[in-house]
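> Turn this into a structure:
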Amino acid sequence: MRSHSVITGLGPVCAIANTPNAFWEALRSDAFGISPIDSFDVSGFRTQIAGQVRDVNIRDFVPKSYRKATKVMARDTELAVIAAKVAAEDAGLKTRGSEDDDEGFTINPARTGCQIGAGLIAAETEELSRAVATAQDSDGNFSLRSWGTVGEGEAGMNNLPPLWLLKYLPNMLACHVTIIHGLEGPSNTVMGAEASALLSIGESARVIERGSADMCFTGGAESRINQLGLIRWDYAGRLAHAHRDANPQDICKPFHPESQGGLLGEGGGMLVIERAEHAANRGARAYAKITGFAAAQTPRPYIPATESMREHDEIDRGLAASITNALRDAGRAPEDLDAVFCLGLGQLVLDQMELGALRHSLGDSADSIPIVSIAHRTGNTMAAHAGLLTACASLCIQNGEVPPNIVVRSGDQPHRQPNIVLVCTPSLGGQAAAMILEKP
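As a prediction, this is how the structure comes out:
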């Protein structure tokens, strides 16, 4: 008999909340996390607002013995570590990262895995520029000879911090989470832009299904709120041009013809999932059961800024295939779904292609059931986003409602209690994933 996984811990860390309860209350309210960027000077950028994580300190989420290691954590890694700690506590676990007097279920390290979605981590500008400033020629211009070490090179690059590279490897997210919590089961890093977290959760479910682990820490984390991230996503045509004084509710409107474009966010969307029997035996609360998963690749992903001269496909083919195969994997039909949780960035063509995929895979059901997006409230959190969407869907299943504040397309039928839902996402690079969640 197939062994399904259940979600027993949620770690949503984003611009609107940093705990499961706060996340649920924010979803039910009119809370918007988009605000003027204040972590660096954005006066020269065309997009000056984003969804920033506030009121958390990484040192509060690691054991005292590990606090020195936070000095070599990039922002992405910090968000993953914070979200993983929140998820572990929500699942009632006691790990190597717990304090001695903490109570909870003591994990079996060898039977606990970790799969985390990550992005390309941008080097901190201040840290890099201090070294670059030592690599100038006599005219004050940057010199490769002064930067390098070969021949007569003056080795300005040696003025980078000794462990500089270790901060910016994408697998550092899973590295620190596994070390902190003592996770010795299967571990992996998945990079697929907005699909990263869902691809990671799907892999974790497969790891558990094949008997290689009893539980996994899984999801994703990323921060693109930096100089390189902001300009790169602007050049990709995925961001609205918004001054710091703009009203964010007027900017990003998923699946709405008046939307001005997308907005960036940062966050961590981590979960604890475990074999259903394992969760039942330890008396754990299960938010939702994972009954179907699939992934696919869009043959030629659409990037607005570079593809304006060609006719775009009206359907995201990879997303459509993922949805169809996830339903098949779960043994469900489109009419069984009570809600859809999707990306909905607010970029018109991308939203049209996403909606086209839903209509292609779900038929008439695509226009009759509520469609949920949170990108306009948290920003596009990239590798974290599908983890946050999954947490959102899990809370809706547990509480028996889909708050109207997060419904961006209401459908033409009365809303039903969300017992069976679809979580799905395309991505910048064309990776796509879909998952079916059901009430336990």
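> ok, and the closest non-adjacent residue to residue 269?
Among residues not flanking residue 269 along the chain, residue 387 sits closest, at 2.2 Å (Cβ to Cβ, 6 or more residues apart in numbering). Where you see a C-beta, it was placed from the backbone N, CA and C, and this is true even at glycine.
> low pLDDT regions in this structure?
1, 152-153, 305-312, 412-414 (pLDDT under 70).
> And the helices in it, which stretches?
20-28, 75-90, 125-132, 144-147, 172-181, 196-209, 227-235, 276-281, 317-330, 348-362, 375-378, 385-399 (DSSP state H).
> circling back to that earlier point, would you mind confirming that the residue nearest to residue 269 makes contact with residue 222?
No - with contact defined as Cβ atoms under 8 Å, residue 387 does not reach residue 222; the gap is 10.0 Å.
> residue closest to the middle of the protein?
The centre of the chain sits closest to residue 384, judged by Cα atoms, centre = their mean, with a distance of 1.1 Å.
> Show the contacting residues for the residue nearest to residue 269.
Residues near residue 387 by Cβ atoms under 8 Å, 6 or more residues apart in numbering: 11-12, 83, 117, 197-198, 200-201, 218-221, 268-271.
> If we use 10 Å, what do you get?
Going by Cβ atoms under 10 Å, 6 or more residues apart in numbering, residue 387 touches 10-14, 80, 83, 87, 116-117, 196-198, 200-201, 218-221, 267-271, 381, 423.
> For residue 142, grab the count of nearby residues.
12 (other Cβ atoms under 10 Å).
> quick one on the thing from earlier: in TSV: the helices of the chain, plus distance to residue 154.
Formatted as TSV, the helices of the chain follow (distance: least, Cβ to Cβ, whole Å):
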stretch	distance to residue 154
helix 20-28	51
helix 75-90	31
helix 125-132	12
helix 144-147	5
helix 172-181	30
helix 196-209	39
helix 227-235	26
helix 276-281	58
helix 317-330	48
helix 348-362	46
helix 375-378	45
helix 385-399	43
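> Which among those helices is found nearest to residue 111?
The closest of these to residue 111 is helix 276-281. By Cβ to Cβ, the value is 8.7 Å.
> Could you check how far the closest one is from the centre of its chain?
Computed by Cα atoms, centre = their mean, to the nearest Å, the separation of helix 276-281 from the middle of its chain amounts to 27 Å.
> Dump that helix to CSV, restricted to CA.
Extracted in CSV, the C-alpha atoms of helix 276-281 (Å, rounded to 0.1, in the frame of the first residue of the first chain):
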residue,chain,number,x,y,z
ALA,A,276,1.2,9.4,7.9
GLU,A,277,1.6,6.3,10.2
HIS,A,278,4.6,7.9,11.9
ALA,A,279,2.7,11.1,12.6
ALA,A,280,-0.3,9.1,13.9
ASN,A,281,1.9,7.0,16.2
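> oh, and call the first residue 16 from now on, that's how I've got it
Got it, the first residue is 16 from now on, which makes the last one we talked about helix 291-296.
> So for that helix, what gets flagged as buried?
291, 293-294 (16 or more other Cβ atoms under 10 Å).
> cool, stretch 266-286 as well?
For stretch 266-286, a neighbour-count test (16+ other Cβ under 10 Å) marks 266-270, 274-286 as buried.
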